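Chemist: I would like the atomic coordinates for the input below:
(2 chains)
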Amino acid sequence: MTQAEFNVYMDKKFDELVNRICPKEKNKKLSKKSNKNKTN
Amino acid sequence: MKYELTQDDINQYVANGGDLDFLSKAQISAIPQEVILKYIANGGNLLYLENFQIKNSAIPQDIINQRVAKGYDLGLLPKIEAVPQEIVNKYLQLGKDPSYFTNKQIKAVPQEIVNQYAIDGKYLDCFTREQIENIPSRIIIKYIANGGDLNYLTKMQLSSIPEHILFQYIANGGDLDDLTKFKLMRLDLYIPNDIINQRALNGWSLSYLPSEKIAAIPQEIVNKRAQNGYSLENLTAKQIAAISKKDFDLYVENGGDLDLDCITEDMIKSISQKSINRRALNGGYLKRLSQKQIQKIPQEIINMGASWRHNTANLVDEKTKNSIPAAIFEPTYRAQKALILYGAGKIKFDQLPIEIFANNEAVFVLCAIIKNKFKQKFNQICEENGYTDEVPDKVVKEFDKQLDKLDNEIDSKRAAAIKQLTEEQKHQDAVISEINKLEW
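Modeler: Sure thing, here's the model as predicted:
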């Protein structure tokens, strides 16, 4: 991968780490799912 | 920690990519512009900067180009319209949000990049009609199978989707209302059970599905949905009533929505205090819980939640928030100060106060600081060795290894911090129980 892609990779890995450590992120994921599906 | 922060600490922290989230307006305004430029080029959040720091004349074009080339968020960034097309394409090759670019820049994007967005199933709304029409049908099929939004496709593209692809669309969280709107499928007709079960298991909305199809979802899947904190809306009363107390406790801990009609008062009453505390610690909304249940949340948890801006709204109302004594914010200021010093490179990871690890917002900030440290280090390795076009596997593996180590370290610190909190709570409970035994 290129250096730019490596940067995106590092961002993604850190996002995964934060999502795992701080379950609060799950709320965001949830609301995204409900927006997409117009549950409100 | 007696040490008072200096502007130099703050400048170094910011130059290293530290978040401005909890700095005061005065502290942010005093940061020299050359530090701000470094912060901007390295992907710092622009939301907290003052207008004079991000106005057109304050940022040279090459700083803007650097930020775009590195694929950072472009919100609030000026002069994007002057970014060379080559850099725009590079940014879009990373699959980032294209909505910041002008029509002219978007029109000049090569079709293969547009096709890649279609494969990923996102941001098609940002491209022109012509670019969308030119997406090959095999890619459109993938887009739909991934649950992509049907609203951006042409009539022609929508008219020839095979039924099994529509089933995939349903399983992968596609909007069910759109299926009916575009007359692609009637939801009351045959849809295989395993497709609906897959959709339910992954937490997607069950709205618009006929009730008999929802009623056929096995209880085991309903329970898994609950355990993960996914919405229980639209499930039948029978399915909800059959969720065990243990699974419902997990739903509460994992931030599941309590403000749904299908969640009865009896269910709310049955939640264990441990789960309520965990929910509060994770910053979950406490609406619907009784005053009695909220009052039982350990003060330490309330204090931590209340003192970090993001959690305040979840834990207390405006009036209560305003009446929180200033002393309660002290641990947060201490934590924030430690985070700034850590970001500035003046203290080490092991010197961070343990309380930081029990607070999600603090861990969030800490992770952002560490991410910048990691990225700076690995980008330096790439630049020193000329790895611009091809980063060798061994470098990526080294990153993975160090990240794993960090993950374990944070985990064990976090466990220790939560244990400490629980011990303090046990001690407080014991004291209160002793006091209650006394006869006055």
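
Chemist: gap between residue B:386 and chain A?
Modeler: For residue B:386, the distance to chain A equals 10 Å [Cβ to the nearest Cβ, to the nearest Å]. (C-beta placed from N, C-alpha, C; glycine too.)

Chemist: Could you pull up phi and psi at that residue?
Modeler: When read as degrees, to the nearest 10, the backbone of residue B:386 gives phi 70, psi 30.

Chemist: and residue B:248, what does it touch?
Modeler: B:226, B:267, B:270, B:271 (Cβ atoms under 8 Å, 6 or more residues apart in numbering or on different chains).

Chemist: Just the buried residues from those, in PyMOL please.
Modeler: Buried residues among those (16 or more other Cβ atoms under 10 Å in any protein chain shown), as a PyMOL selection:
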select buried, chain B and resi 226+267+271
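
Chemist: Rebuild the contacts of residue B:248 as JSON lines, extending it with pLDDT, distance to residue B:408 and secondary structure.
Modeler: Listed next are those as JSON lines, based on pLDDT from 0 to 100; distance: Cβ to Cβ, whole Å; DSSP: H, G, I helix; E, B strand; the rest coil:
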{"residue": "B:226", "pLDDT": "94", "distance to residue B:408": "30", "secondary structure": "helix"}
{"residue": "B:267", "pLDDT": "96", "distance to residue B:408": "37", "secondary structure": "helix"}
{"residue": "B:270", "pLDDT": "96", "distance to residue B:408": "36", "secondary structure": "helix"}
{"residue": "B:271", "pLDDT": "96", "distance to residue B:408": "31", "secondary structure": "coil"}
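
Chemist: closest to residue B:151 among the contacts of residue B:248?
Modeler: Of all these, residue B:151 sits closest to residue B:226, with 31.3 Å by Cβ to Cβ.

Chemist: mind putting the contacts of residue B:248 in CSV, distance to chain A included?
Modeler: Shown next, in CSV, are those (distance: Cβ to the nearest Cβ, whole Å):
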residue, distance to chain A
B:226, 13
B:267, 19
B:270, 21
B:271, 17
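
Chemist: I figured residue A:11 hits residue B:374, correct?
Modeler: No. The pair residue A:11 / residue B:374 is not scored as a contact, 10.2 Å apart, by Cβ atoms under 8 Å.

Chemist: count of residues packed around residue B:253?
Modeler: Residues within reach of residue B:253, counting by other Cβ atoms under 10 Å in any protein chain shown, total 23.

Chemist: Tell me the pLDDT of it.
Modeler: Residue B:253 carries a pLDDT score of 87 in this model.

Chemist: so how far is chain A from it?
Modeler: 8 Å.

Chemist: and what of residue B:115?
Modeler: For residue B:115, the distance to chain A - Cβ to the nearest Cβ - is 18 Å.

Chemist: That residue: what secondary structure?
Modeler: Assigned with DSSP: H, G, I helix; E, B strand; the rest coil, residue B:115 falls in the helix class.

Chemist: how far away is it from residue B:210?
Modeler: 36 Å (Cβ to Cβ, to the nearest Å).

Chemist: the more surrounded of those two?
Modeler: Just comparing residue B:115 and residue B:210: by other Cβ under 10 Å the higher neighbour count belongs to residue B:115, 19 against 13.

Chemist: Was I right to think the more buried one contacts residue B:139?
Modeler: Yes. Between residue B:115 and residue B:139 there is a contact under Cβ under 8 Å: 5.3 Å.

Chemist: What is the longest helix of the chain by residue count?
Modeler: Unless you meant another one, I'm taking chain A. When chain A is parsed with DSSP state H, its longest helix is helix A:3-21.

Chemist: The intended chain is chain B.
Modeler: Longest helix in chain B, counting by DSSP H: helix B:393-437.

Chemist: how far does it sit from the chain's center?
Modeler: 21 Å (Cα atoms, centre = their mean, to the nearest Å).

Chemist: What about the residue of the stretch 51-200 of chain B found nearest chain A, how many residues nearby?
Modeler: Taking Cβ to the nearest Cβ, chain A has its nearest neighbour within the stretch 51-200 of chain B at residue B:94, 5.0 Å off. Residue B:94 has 16 neighbouring residues, counting by other Cβ under 10 Å.

Chemist: Leaving out the residues flanking it, which one is nearest to it?
Modeler: Of all residues not flanking residue B:94 in the chain, residue B:71 sits nearest, at 4.3 Å (Cβ to Cβ, 6 or more residues apart in numbering or on different chains).

Chemist: Quick one: name the residues of the stretch 1-150 of chain B near chain A.
Modeler: B:69, B:70, B:71, B:90, B:93, B:94, B:95, B:149 (Cβ under 8 Å from any Cβ of the partner chain).

Chemist: Among those residues, name the ones in helices.
Modeler: Using DSSP H, the residues of the stretch 1-150 of chain B next to chain A in helices are B:69, B:90, B:93.

Chemist: Would you format those residues as a markdown table with pLDDT and neighbour count included?
Modeler: Formatted as a markdown table, these follow (pLDDT from 0 to 100; neighbours: other Cβ atoms under 10 Å in any protein chain shown):
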| residue | pLDDT | neighbour count |
| --- | --- | --- |
| B:69 | 90 | 21 |
| B:90 | 92 | 18 |
| B:93 | 93 | 18 |
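
Chemist: what about the residue in chain B positioned nearest to chain A, distance to residue A:19?
Modeler: Of all residues in chain B, the one sitting closest to chain A is residue B:205 (3.1 Å; Cβ to the nearest Cβ). From residue B:205 across to residue A:19, the span is 21 Å (Cβ to Cβ).

Chemist: got the buried residues for stretch B:242-261?
Modeler: Buried-residue list, stretch B:242-261, by 16+ other Cβ under 10 Å: B:243, B:247-258.

Chemist: got the end-to-end distance for that stretch?
Modeler: Using Cα to Cα, to the nearest Å, the gap from the first to the last residue of stretch B:242-261 comes to 16 Å.

Chemist: swap in stretch B:269-276?
Modeler: Start-to-end span of stretch B:269-276 (Cα to Cα) is 11 Å.

Chemist: what comes into contact with that stretch?
Modeler: By Cβ under 8 Å, 6+ apart, the surrounding residues in contact with stretch B:269-276 are B:245, B:248-250, B:252-253, B:286, B:289-290, B:293-294, B:296-297.

Chemist: My guess is residue B:111 contacts residue B:136. True?
Modeler: No. Counting by Cβ under 8 Å, residue B:111 does not reach residue B:136; the two are 9.2 Å apart.

Chemist: coming back round to it: between residue B:205 and residue A:19, point out the one with more neighbours.
Modeler: Using other Cβ under 10 Å, the more surrounded residue of residue B:205 and residue A:19 is residue B:205, with 24 against 14.

Chemist: what's the burial count for the residue nearest to residue B:186 when sequence neighbours are not counted?
Modeler: The shortest distance from residue B:186 to any non-neighbouring residue, by Cβ to Cβ, 6+ apart, is to residue B:180 (7.1 Å). By other Cβ under 10 Å, 14 other residues sit near residue B:180.

Chemist: show me what contacts residue B:180?
Modeler: Residue B:180 neighbours (Cβ under 8 Å, 6+ apart): B:186, B:187, B:208.

Chemist: SS state for the first one?
Modeler: If I follow you right, that is residue B:186. coil.

Chemist: which phi and psi does it have?
Modeler: The phi/psi pair for residue B:186 (degrees, to the nearest 10) reads phi -90, psi 130.

Chemist: how close does it get to residue B:359?
Modeler: Distance of residue B:186 to residue B:359, computed by Cβ to Cβ: 50 Å.

Chemist: Same drill for those two, tell me which one is more crowded.
Modeler: residue B:359 (27 against 11).
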